[in-house]
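> Below are the sequence and a predicted model for it; my questions follow.
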Amino acid sequence: MTKVLVTGMGIISAIGNNVAENRSSLQKGQTGIGRGELLDSRYVEVFPFGEVSTSTAALMESAGLAGEKGMTRTDILATVAMQEALEMADLTAAQISSSETAFISASTVGGMSMTNELYRDGNKIGEPSDYLSSYICGAHTLKLAKRYNMSGVSTTFNTACSSSANSIMFGAKLIKSGRAKRAIVGGSDGLAKFTVNGFNALRILSPKPCTPFDRDRSGLTLGEGAAFLILESEELVGDKPVYGEVTGYGNSNDAFHPSSISDDAIGIVASISQALKTANLDPSQIDYINAHGTGTENNDISEVVGIQKVFGGLPPFQSTKPYTGHTLAAAGSVEAVFCLLAMQHRELYPSLNFTNPIEGHNAIPIPQYQSDCDIKHVLSNSFGFGGNCSSLILSKV
């Protein structure tokens, strides 16, 4: 069965507008979390956010979208990240539009990032806005498919915070099964009043930057961003640069609670175990874990329990959400890029905001930047509402 190789990646997040800027911030231990300057919400005075600091107008200009109507923040972030991924993979227009190229994206917020416009349009207040066709979660996928004249398999995942991890998994499966030769996979979510209000209603937003796996964690920090990977079957790659291989994936549902993971981590154990089985790896072969690590009471303890059940201990691990905030549907692809950078450059990044381990668990994230690390296989976890648990394994080629 063919190998699924990563030949390109693109990203925009609170710590950078491209791959190089994101890596530089990770190396320096430089967070992007702070006061929301662009977000239209009264809660910018209450909660910090992982906001992309570039204005919507400036992003549209840089992405060649100036003057286009109905482009939401989610659409624009997706366009920026996808452009970088396509350029890095050196794909031609014909290759992008080929029926053998799949486009699998993800979003939870979608066009609801235009919350005020959505409210007015939904309640027929005033004239219809330019965003009537932009509110669905798959709007950015449709717009990008049209922009690049795509004709292959295309869909949008919305499995909450595991969405883009599932898009990567599905793209890899399409290639493995011969249904596609190439897949553009990832996700995008912009910050929105809608989601800020929703997470605040759940009482899981932290009044300070999130502190994953810390004894005194107080909730998550919302962020925004987009990231895409270009996956290609090995027979297409030739002498093109390769940044890693998708070797393992697993998805499960612990069916415990609409917004919580079970305390005994049934779903987490299942998704990690499936990923290891798919990759034909033993737990001892995983060199680094990028954990879901939201900083909420439930997630962090359940994830530690799940990892310890599978591994019998804890490999080098961390959550990178204190850098970017929780980017919701984009989190899996954002963190997959971070995993590929760590593996490619043989480095591990410092964990932020950690002080005291959770009582009863000796779970201490990577404390400081480390270079010249032998990283052959990395595990990335993404867990969504409804108990949807996804795990990816990326390997060095």
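Thanks, I have the structure now.
> What's the separation between Asn123 and Ser129?
Distance, Asn123 to Ser129, using CB to CB, to the nearest Å: 12 Å. Quick note: C-beta positions are derived from backbone N, CA and C, even for glycine.
> Same drill for these two, tell me which one is more crowded.
Ser129 (17 against 8; other CB atoms under 10 Å).
> okay, now the closest residue to the more buried one other than its chain neighbours: neighbour count?
Distances taken as CB to CB, 6 or more residues apart in numbering put Glu117 closest to Ser129, at 4.5 Å, once the chain neighbours are dropped. Close neighbours of Glu117, defined as other CB under 10 Å, add up to 20.
> next one: the one 4 residues further on
Using other CB under 10 Å, Asp121 has 19 other residues around it.
> Just list the residues touching it, thanks.
Pro128, Ser129, Tyr131, Leu132, Tyr135 (CB atoms under 8 Å, 6 or more residues apart in numbering).
> Adding pLDDT, write those residues out as TSV.
Below are the contacts of Asp121 laid out as TSV (pLDDT from 0 to 100):
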residue	pLDDT
Pro128	91
Ser129	91
Tyr131	89
Leu132	87
Tyr135	89
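> Filter these down to the buried ones, ChimeraX style.
The buried subset of the contacts of Asp121, as determined by 16 or more other CB atoms under 10 Å, is captured in ChimeraX by this line:
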select :129,131,135
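> Just the contacts of Asp121: which are in strands?
Counting by DSSP state E, those place none of their members in strands.
> what's the farthest-apart pair in the contacts of Asp121?
Using CB to CB, the pair of these lying farthest apart is Pro128 and Tyr135, separated by 11.9 Å.
> sorry, back to before: confirm the residue nearest to Ser129 sits in a strand?
No - using DSSP: H, G, I helix; E, B strand; the rest coil, the assignment for Glu117 is helix, not a strand.
> Tell me how far it lies from Gly111.
Counting by CB to CB, the gap from Glu117 to Gly111 is 9 Å.
> Find residues that contact each of these two.
With CB under 8 Å, 6+ apart as the test, Glu117 and Gly111 both reach Tyr131.
> For Ile266, which non-adjacent residue is closest in space?
Per CB to CB, 6+ apart, closest to Ile266 is Asp254, 4.4 Å.
> didn't Gln83 look like it was pressed against Ala63?
Yes - using CB atoms under 8 Å as the test, Gln83 is close enough to Ala63 to be in contact (6.4 Å).
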